[in-house]
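> attaching a predicted model along with its sequence, questions to come.
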Amino acid sequence: MLPSTPSPAAAPSPRSRPSGFAVAFGLLFGLTTAASWWAARVDLATLFSREALGNALAFLAGGFPPALSPAFLRLLFRPALETVQISLLGTAIALLLGFPLGILATASLAHAGPLHELDLAGRPLRRALRFLPYALARALLSLFRSVPELVWALLFVRAVGLGPFPGVLAIGVAYGGILGKVYSEIFEAVDPRPLEALHGTGASRWRVFWYGMVPQAFPHLVSYTLYRWECAIRASAVLGFVGAGGIGQQIEISMRMFNFPEVVTLIVVLFLMVAGTDALSLRLRRRVL
Amino acid sequence: MAWQAPTARPVPAPPRTSLTTRLGWAALAGALIWSYRGTAADVTALLGPEGLARMGAYVRRLFPPDLSAPLLREVAASAAETFAISFLGTLLAVLIALGLTFFASANLAFSGLLFELERPAVRAARLLIYGSARGLLNLLRTIPEIVWAIIFVFMVGLGPFPGALALGVHTGGVLGKLFAEVLENVDPQPIEALQGTGAGRLQVVAYGVLPQALPHFLSYTLYRWEVNIRVAAIMGFVGAGGLGQRIHLAISLFLEQQLLTLILAIYVLVTAVDALSAFLRRRLL
C-alpha cells in the first residue's frame, strides 16, 4: 500500500487544472463502470419491459392482503424468537472470539510505539517474537470476516447439522472477525498519554492495557458491539435461507411456494424486529456513551 | 480472562454499580442462557472429540484446493461478475440515496432555519413529503438484499443483473438514511450566514451544506462498497450471479476441493476491494 502523501503545496488553488490523480481516477472509474455494466449483463430494456413490470405488479398484488391467519401467526412465533436467539448468542461468541484476537491485533500493544521503544531497541529477535502473534491474529481476523456469513453457515451446517446452531456459529465467526478488527482500531485510537504515564511507573503491558486502555475504550467497545448486534438480527434472518433456522427459513419456504401474502407478513415481522432492536440498542448506547 | 488483580497494594474499591446496571447485566445473562437453549447450541458436541473429528474430516476433504486451469478460468469469470455486481450496485445505491436523502433530512425538508417563515399548510405538505421519503428509505432498507434479489430474479430473470439491482435498492435505503443523518448534523452557521446574504434554498444547500457533507457521503459509500462485495459473493444462492452460484453448486454436489478454491477467490476479492477502498479513502478524504 502506498502511503498517501498529503501535498499541501498543491492545495491552495482548488480551481486549477485537475491533478494527474483526478484524471486517472476519473478514467478508471469510467472504465470500471463500463466493464461492470458489461460483466453484469445489464439489460434495462428487460427491466422496464411490460412483462417485468407485470411480474412486479403481480408480486405486489399477490402479496395483499398479507397472511394474518392465527395458525400462520402461531407458526411464525417460534422462528422469530429463534432469530433473536441466534443473533444474541452469535454476538456473544463473536465477542469471545473478537476480544482476545483484537487485543493481540493491536499494534500499540503488540510491538509498536512508546511501550516498546526501549524494550525492543537493538533486539530484533524479541521484536520478531512480539510481531508474530500480532500478524497471526490479524490474518485470522481477516479470514474470519472475509468469508461471508452465509458461506460460514453452509460449512457449519455440514459440520453440526441443520438448525439454528450453525447460524449461531456462522455469526460468531464472521462477526468475531469484524469485532476483533474494530476493537483493535478502538484500542489504537485511545489517548496515548495515560499509557505512557503508566508505562513510566513501570507497569507491565497487561496493566497498561487494563488501566490505561480499557477505561478509555470501554464505551466505544460497547457501542460498536451493540451496533453489530443490530446487524446480527438482519444477518440471522438471512441465514435461514441455507437451513440455519430463524425467520429466514420461513421466508425461503414461502417464497419457494410463491405464497406472497405470507412473504409480506414475514417481511413486516422482520421489519418490526429490526426496528425494535434498533430502538433498544440506541437506548443502551445513549446510556454508555 | 486469566488476568490477576495486582496484589502489591490494595486497589481502591470501584464505584458501586447502580441497581439498574446490575439488573441489566442479569437480564443479559438470562437472555444468553435462553438463547443457548433455544438455538439447541451444544458446545460439548461441537468441541468434543466427536465434533472435532467430524469437522477435521470435513476440513481435510477441502484440501488440496482444485487449481486446474479450466476451473480457475471459470472462477475468475465469476469473480469478475461478483465485482461488477458490487460496483454497479453501490453506484445505483448512491443515485437512489442522493435522490431521496434531501427530502428525508428534517433540516432541509421542513424544519429549522430554512423554513421558519413558512405558512402552516405549506409546512404540512413538506412534512408529508419528508415522511414519505423516510418511509420509502425504511422499506428499501428493511427488506434484506437476498429477498430483493429473489424479487428481481422474478422480474428480469437469472443472472448478475438482478443481483446488482437488489444490492442497489437495499443499499440505497441504507445510504439514504446515513446521508440524511449527515445532512442533519452539518454545522448550521454557514447556512445562517448564507441565508443572511439572501441566498435561496438551493444555493444554501449547494454552498452551505454539500461542502460539509460530501466527504462523509464518500466515506459511507466506500464503507458500503466493502460490505457489498461480501454480499455480492452470496447473491448467486438465489440465482443472481457471481461466485455464490458456484459455491451453492459446489456445496450441493459435495465438490469440496472446488469449494475451497471458491472460498479463496472470495478472500482474495474481498481483501483486494478492502485495500482499494482504504487507498481511495486516504487519497480522496
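Now that the structure is in, tell me what you want to look at. Note that the structure is a prediction, hence the values are computed from the model and not measured. Numbers count the residues shown, from 1 in each chain, chains lettered A, B, ... in the order given.

> low-confidence ranges, the stretch 51-200 of chain A, go.
Applying pLDDT under 70 to the stretch 51-200 of chain A flags residues A:113-115, A:117-122.

> which parts of it are helices?
Secondary structure of the stretch 51-200 of chain A by DSSP state H, counting those that start in this stretch: the helices cover A:70-104, A:107-110, A:117-120, A:124-146, A:149-160, A:164-188, A:192-200.

> nearest to B:Ile247, of those helices?
Counting by CB to CB, B:Ile247 lies closest to helix A:149-160 out of those; the figure is 6.2 Å. For the C-beta atoms, the positions are set from N, CA and C on the backbone; glycine is no exception.

> next up, identify which helix or strand the residue of the stretch 151-285 of chain B at minimum distance from chain A is on.
Using CB to the nearest CB, the closest approach of the stretch 151-285 of chain B to chain A is made by B:Arg282 at 3.8 Å. Using DSSP states H and E, B:Arg282 sits in helix B:256-284.

> now do that helix, average pLDDT.
Average pLDDT, helix B:256-284: 90.

> can you redo the helices of the stretch 51-200 of chain A as a markdown table with distance to chain B and mean neighbour count?
Shown next, in a markdown table, are the helices of the stretch 51-200 of chain A (distance: least, CB to the nearest CB, whole Å; neighbours: other CB atoms under 10 Å in any protein chain shown):
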| stretch | distance to chain B | mean neighbour count |
| --- | --- | --- |
| helix A:70-104 | 4 | 21 |
| helix A:107-110 | 14 | 20 |
| helix A:117-120 | 20 | 12 |
| helix A:124-146 | 4 | 16 |
| helix A:149-160 | 4 | 24 |
| helix A:164-188 | 4 | 25 |
| helix A:192-200 | 12 | 16 |
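
> how about the residues of the stretch 1-150 of chain B by chain A?
Counting by CB under 8 Å from any CB of the partner chain, the stretch 1-150 of chain B comes close to chain A at B:3, B:6, B:31-32, B:34-36, B:38-42, B:45-46, B:51, B:54-55, B:58, B:80-81, B:83-85, B:87-88, B:91, B:138, B:142-147, B:150.

> from those residues, which ones fall inside helices?
B:31-32, B:34-36, B:38, B:45-46, B:51, B:54-55, B:58, B:80-81, B:83-85, B:87-88, B:91, B:138, B:142, B:145-147, B:150 (DSSP state H).

> state the number of residues packed around residue 237.
You didn't say which chain, so I picked chain A. 30 (other CB atoms under 10 Å in any protein chain shown).

> my question was about chain B
Neighbour tally, B:Phe237, other CB under 10 Å: 24.

> tell me the SS of it?
helix (DSSP: H, G, I helix; E, B strand; the rest coil).

> that one reaches B:Ile150, doesn't it?
No: with contact defined as CB atoms under 8 Å, B:Phe237 does not reach B:Ile150; the gap is 9.9 Å.

> can you list residues touching both of the two?
Both B:Phe237 and B:Ile150 lack any common contacting residue under the criterion CB atoms under 8 Å, 6 or more residues apart in numbering or on different chains.

> how near is the closest residue to B:Ile129 other than its chain neighbours to B:Ala53?
Nearest-residue entry for B:Ile129: B:Phe103, 5.4 Å, with adjacent residues in sequence omitted and distances by CB to CB, 6 or more residues apart in numbering or on different chains. According to CB to CB, to the nearest Å, B:Phe103 and B:Ala53 sit 58 Å apart.
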